[in-house]
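S.K.: What shape does this take:
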Amino acid sequence: MALKNKKIPTDFIVNETLAEAVRGRTHKNKLTCASAFEIAKTRGAEPLLVGKTADVLQIELDLCQLGLFGYPGHSKGWESARVAELAVPTGLEEAIRSARDSKGELACLAAWEVAARFEIPRIQVGYLADKLGIGIRHCQLGAF
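M.R.: Now for the predicted structure:
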C-alpha cells in the first residue's frame, strides 16, 4: 500500500528513540526493509512498530526482502537479483503451497520461515510464490 493511502491511528504515539533510529537509517526519504528489521532487533521493538513509525515520519519502505516493492522502475526485485537463475530446492514449491493460510495467501512471516527452512534467500520465496500465483500478504512492517 502506498504511503499516501495509509491511515495511522490518531492515538499512535511515536517513540522518539525509535524515530531517531529510523531517521538515522533513512536515505533519500526511504528505509530499506532490512534496515527496518535491524532497527526492530536492536531496539527490541516489533517490526510493525518500526513500520508505523516510518509511516508517521512520511518515510517510504524500500527494497522488500521478498522482492515485492521498492526496486528501480517500480518493478519487483527478482530480475535485478537474477532469482530466476537460482536452483529450486526439492520440496520448496510444496512448502510454499503448504504454508498458505485459509484464503490461499502466504503471510510475509510464513515466507520468511520457508526461506529459513530451505536456507535460501527470502527473495527466492517471493519470486516462486508469484510464479505459483500465490499472493503474499500481511507484511511484518505494515507495508501491505
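
S.K.: what secondary structure does the residue most central in space within the chain sit in?
M.R.: Nearest residue to the geometric centre of the chain (C-alpha atoms, centre = their mean): Cys64, 4.4 Å. At Cys64 the chain is in coil, as set by DSSP: H, G, I helix; E, B strand; the rest coil.

S.K.: Is it in contact with Gly70, as I believe?
M.R.: Yes: taking contacts as C-beta atoms under 8 Å, Cys64 lies within contact range of Gly70: 5.4 Å. In short, each C-beta sits where N, CA and C put it, glycine included.

S.K.: what touches both of these two?
M.R.: Residues touching both Cys64 and Gly70 (C-beta atoms under 8 Å, 6 or more residues apart in numbering): 33, 77.

S.K.: If we go by neighbour counts, what in the helix or strand bottoming out on mean pLDDT in the chain is buried?
M.R.: Of all regular secondary-structure elements in the chain, judged by mean pLDDT, DSSP states H and E, the least confident is helix 78-81 with a mean of 88. Under the neighbour-count criterion of 16 or more other C-beta atoms under 10 Å, helix 78-81 has 78, 81 buried.

S.K.: for whichever helix or strand comes after that helix, what is the average pLDDT?
M.R.: Once the chain leaves helix 78-81, the next helix or strand it forms, by DSSP states H and E, is helix 92-98. Mean pLDDT, helix 92-98: 98.

S.K.: Renumber starting at 57 from here on
M.R.: That works, and once the first residue is 57, the last one we named lands at helix 148-154.

S.K.: and helix 148-154, what does it pack onto?
M.R.: For helix 148-154, the packing partners by 3 or more C-beta pairs under 8 Å, 6 or more residues apart in numbering; DSSP states H and E come out as helix 164-174, helix 178-187.

S.K.: Counting neighbours, show which residues of the longest one come out buried.
M.R.: In other words, helix 164-174. 164, 166-168, 170-171, 174.

S.K.: so which of those would you say is closest to Ile115?
M.R.: Lowest distance from Ile115 to those (C-beta to C-beta) belongs to Cys164, with 19.2 Å.

S.K.: Next, count neighbours for Leu124.
M.R.: 24 (other C-beta atoms under 10 Å).
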